[in-house]
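S.K.: let me see the structure of the following:
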Amino acid sequence: MLLFKKLQKKLSYLNRKQISQVYKAYLIAYQAHAGQKRDSGEPFILHPLAVADILADMHMDSESIIAALLHDVIEDTSVSKETVSREFKKPVAELVDGVTKLSQIQFSTAAEAQAENFRKMILAMSRDIRVILVKLADRLHNMRTINSLPDYKRRRIAKETIDIYAPIAHRLGIHDLFVELESLSFAALYPRRHRILSEAVKKARGNRKEIMHVIEKEIKKRFARSRLPKVEISGREKYIYSIYKKMQSKHLSLSEIMDVYAFRIIVDSVDSCYRALGIIHGLYKPIPGKFKDYISIPKINGYQSLHTTLFGPHGVPIEIQIRTEEMDRTASKGIAAHWLYKTTEKLDEAHIRAQQWINSLLEMQQKTGSSLEFIENVRIDLFPEQIYVFTPKGKIIELPRGSNGIDFAYAIHTDVGNSCVSAKIDHKFAPLFTELVSGQAVEIITALGTRPNPLWLNYVKTGKARSGIRSFLKNQQRSESIALGKELLDKALVSLSLSLKKISHRTMSIILRDAKLENLDALYEDIGLGNRVAIFVAHQLASASKRKYKIIEQKEKPLYIKGSEGMAVSFASCCSPIPGDSIAGCFSAGHGLVIHADNCKNITRLRQQPEKCVLVRWADNVKGEFQVLINVEITSKRGSFAALTKAISDAEASIEDIAINKRTGEYYLVTLKLFVRNRDHLNHVLRNIEDLNIVTRAFRI
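M.R.: Numbering: from 1, shown residues only. Here you go, the predicted structure:
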């Protein structure tokens, strides 16, 4: 009973009958886990109690608390699902069973197994969204106690948490859980980086106190004069992993990040939010282009707030968030806020959006062939930078940044995407490939008999569009695929001043042999299904037609890009792509097929000529070494460069070039040109470098 008392105090929001049921679940769990120990040596019952405690802090319903207490009994004890159903009714048993099945899922390093397990997780979430909330609480307590595990197990669980569970918490808007999961994972994966950065941030925060106090005092003074009711003003501190991510992604120093001062203003109503914005803009000058209104257009996870950045005293930048108390709860608790302050059965916006997201994942799953393809599409949706555009009727459609008219069409409905031919953007006709920006009104023009073009896969951004196009292409009859592939190849050849009639049987035989295809129909079918790109094959045929081939067995050359047999392939020096990177190809006179990183600025420009760009993929089991540039910030101590080169050598990478730039009396910024096998190898090299005491940070350029 003593163990239960702490939890009982937090359950005051439940009625007596509900608390009695929770206590009953506790007794069953206590008896079932009697004698069991955790890896730390503690009694096992402390774990389900801690999970229930986390959910009680979120004010989850009694069924969720019961599921938390019983989530390990079906798997680890003699208690069955039928017993739970008999004691607590079927919905509780289904919830416990759902959490149990999630607990059996392990995201191993094998990509296919990981992807298949992710599919199972989405299915469990769709049946009862509380399943994932209980699982997130379970994972949070496991992360809080992770130090008792051996190193290899600690790293695996932390990697799984930061890659899968933290993004899901973020997508569901549960900011508190998301932040703690990321922070604990970062500390477990990179303990040295976490320690060094924590110490540096603590020191920097101490130096900021005075100016933070001055700014906060000025803001409070101005609001006191405004007579705006119920205003709460507080300073905001960025958490360690958020700072680390910003340093890595934007190549900023710690001082550059810490030089921004952040505050949050909580008011009583939406009207007061906009009045508060006017007051703060009257106090400090706003920085142009730095205002975002997430109240009128909420983020995809339900988050609402006004964001503005200002020129503060002495020119220091100040970030301000303005929101109501309800918005603040949603920002912190996300979908869990539905249970936290539930007064009716009506679902709130965050809950509705979360359910819509899960439903869209289910639809995507049904249309996706392989688990790997599915998880690739989901990852696009888990890590988006959003834009907000409007239908002709004023409905808001959320899309990842860089989306175009085709992505918009599939967001409306798969049938609209499959039959779209053009778009109207702000009442003006525009190509489907036109990149959309927030605030535009978009109308899709459709036509009967049209179908998705395999080339669309080069340009779409959303997982839904990608899976919709591939699903349509795969479901075509073979004869249709062959006819379509032949038509696409002939059109591609025409753009090179050739045609199928002009390609000799000898040339075609060589191309089929290199592609390991039995006949011409197999080639056409591959093109029609989107497995090969017509312009890609056309360039191969054009190149082969200009040379005299001898039909002899050729030595197999290393194949870097899938389907590039017999082609000249080079890698762009502007972005230096390596296996593991998302890539795009572009044909260049005299250079053949040039491979760029998918996010390269040059490929964005080159895509304005669609006939020259193709969707490409790395070949399976790529072998060889690839050039990459990295920057390393090191202290200017004797022996630093020797230690740096040794760390790179120990990681089995070779140094092609090195450039040293003096920055300050303490640090050097070193630029190195390395040769590595792939992205995993590069990450291993960077970890080796960052383990050195002389290194403050290392990152790819």
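S.K.: tell me where the stretch 551-700 of the chain has strands.
M.R.: Ranges of strands in the stretch 551-700 of the chain, per DSSP state E, counting those that start in this stretch, are 569-571, 583-588, 592-597, 613-615, 626-635, 654-662, 667-676, 695-700.
S.K.: distance between the fifth one and the chain's centre?
M.R.: In this case it means strand 626-635. Mean C-alpha position of strand 626-635 versus that of the full chain (C-alpha atoms, centre = their mean, to the nearest Å) differs by 25 Å.
S.K.: nearest to residue 463, out of the strands of the stretch 551-700 of the chain?
M.R.: Minimum separation from residue 463 across these (C-beta to C-beta) falls at strand 613-615, 15.2 Å. Just so you know, the C-beta spots here come from the backbone N, C-alpha and C atoms, and that holds for glycine as well.
S.K.: the stretch 301-450 of the chain: helices as residue ranges?
M.R.: With DSSP state H, counting those that start in this stretch, the ranges of helices along the stretch 301-450 of the chain come out as 325-333, 337-340, 349-367, 371-382, 405-412, 414-418.
S.K.: domain parsing for this structure?
M.R.: Residue ranges for the structural domains of the chain, counted by automatic domain parsing, are given in the record as 2-191, 205-340, 384-475, 555-621, 626-700.
S.K.: so how far is the third one off the chain centroid?
M.R.: From the chain centre to the centre of domain 384-475 is a distance of 21 Å (C-alpha atoms, centre = their mean).
S.K.: how about the contacts made by residue 165?
M.R.: Contacts for residue 165 (C-beta atoms under 8 Å, 6 or more residues apart in numbering) come out as 135, 136, 139, 181.
S.K.: swap in 10 Å and give it another go.
M.R.: Residues near residue 165 by C-beta atoms under 10 Å, 6 or more residues apart in numbering: 107, 121, 132, 135-136, 138-140, 142-143, 157, 177-178, 181-182, 185.
S.K.: helix/strand/coil for it?
M.R.: Three-state secondary structure (criterion: DSSP: H, G, I helix; E, B strand; the rest coil) places residue 165 in helix.
S.K.: just the pLDDT for it.
M.R.: Confidence at residue 165, expressed as pLDDT, is 85.
S.K.: cool, residue 370 as well?
M.R.: Among the per-residue scores, residue 370 shows a pLDDT of 50.
S.K.: look up how far residue 605 lies from residue 400.
M.R.: Separation of residue 400 from residue 605 (C-beta to C-beta, to the nearest Å): 20 Å.
S.K.: please apply the same query to residue 485.
M.R.: If you go by C-beta to C-beta, the gap between residue 485 and residue 605 works out to 29 Å.
S.K.: and the two? which has more neighbours close in?
M.R.: In this view residue 485 and residue 605 are compared by other C-beta atoms under 10 Å, and residue 485 has more residues nearby, 26 against 10.
S.K.: give me the pLDDT for that one.
M.R.: Model confidence at residue 485, given as pLDDT, is 84.
S.K.: nearest to residue 516, out of the domains of the chain?
M.R.: domain 555-621 (8.0 Å).
S.K.: possible to save the strands of the stretch 551-700 of the chain as a markdown table with mean pLDDT and mean neighbour count?
M.R.: Written out in a markdown table, the entries for the strands of the stretch 551-700 of the chain read as follows (pLDDT from 0 to 100; neighbours: other C-beta atoms under 10 Å):
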| stretch | mean pLDDT | mean neighbour count |
| --- | --- | --- |
| strand 569-571 | 84 | 16 |
| strand 583-588 | 79 | 22 |
| strand 592-597 | 83 | 21 |
| strand 613-615 | 68 | 21 |
| strand 626-635 | 89 | 19 |
| strand 654-662 | 81 | 12 |
| strand 667-676 | 87 | 19 |
| strand 695-700 | 85 | 20 |
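S.K.: let's have the ones you listed in CSV, adding distance to residue 220.
M.R.: Below are the strands of the stretch 551-700 of the chain laid out as CSV (distance: least, C-beta to C-beta, whole Å):
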stretch, distance to residue 220
strand 569-571, 56
strand 583-588, 52
strand 592-597, 48
strand 613-615, 55
strand 626-635, 39
strand 654-662, 44
strand 667-676, 39
strand 695-700, 37
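S.K.: any idea which of those strands gets closest to residue 419?
M.R.: Among the strands of the stretch 551-700 of the chain, strand 613-615 comes nearest to residue 419, with 21.8 Å by C-beta to C-beta.
S.K.: list the contacts of residue 145.
M.R.: Here residue 145 is in contact with 38, 39, 40, 42, 46, 47, 50, 184 (C-beta under 10 Å, 6+ apart).
S.K.: ok, and the most crowded of those residues?
M.R.: Taking other C-beta under 10 Å to define a neighbour, the member of the contacts of residue 145 with the most is residue 184, carrying 24 neighbours.
S.K.: what's the average pLDDT for whichever strand or helix holds residue 204?
M.R.: Using DSSP states H and E, residue 204 sits within helix 191-226. Looking at helix 191-226 alone, the average pLDDT works out to 86.
S.K.: mind listing what's buried in it?
M.R.: Buried residues in helix 191-226, defined by neighbour count with 16 or more other C-beta atoms under 10 Å: 193, 194, 196, 197, 200, 201, 208, 212, 215, 219, 223.
S.K.: nearest spatial neighbour of the second one, skipping sequence neighbours?
M.R.: Right, the one you point to is residue 194. Ranked by C-beta to C-beta, 6 or more residues apart in numbering and with sequence neighbours excluded, the top spatial neighbour of residue 194 is residue 187, at 4.3 Å.
S.K.: so where is the stretch 501-650 of the chain shaky, pLDDT-wise?
M.R.: Along the stretch 501-650 of the chain, the model assigns pLDDT under 70 to residues 530-531, 546-559, 562-568, 589-592, 607-612, 614-615.
S.K.: helices along the stretch 501-650 of the chain, start to end?
M.R.: Taking DSSP H, counting those that start in this stretch as the criterion, the stretch 501-650 of the chain carries its helices at 505-514, 520-528, 534-545, 601-606, 640-650.
S.K.: so which of the strands of the stretch 551-700 of the chain gets nearest residue 309?
M.R.: Between residue 309 and the strands of the stretch 551-700 of the chain, the shortest gap by C-beta to C-beta is with strand 695-700, which sits at 25.0 Å.
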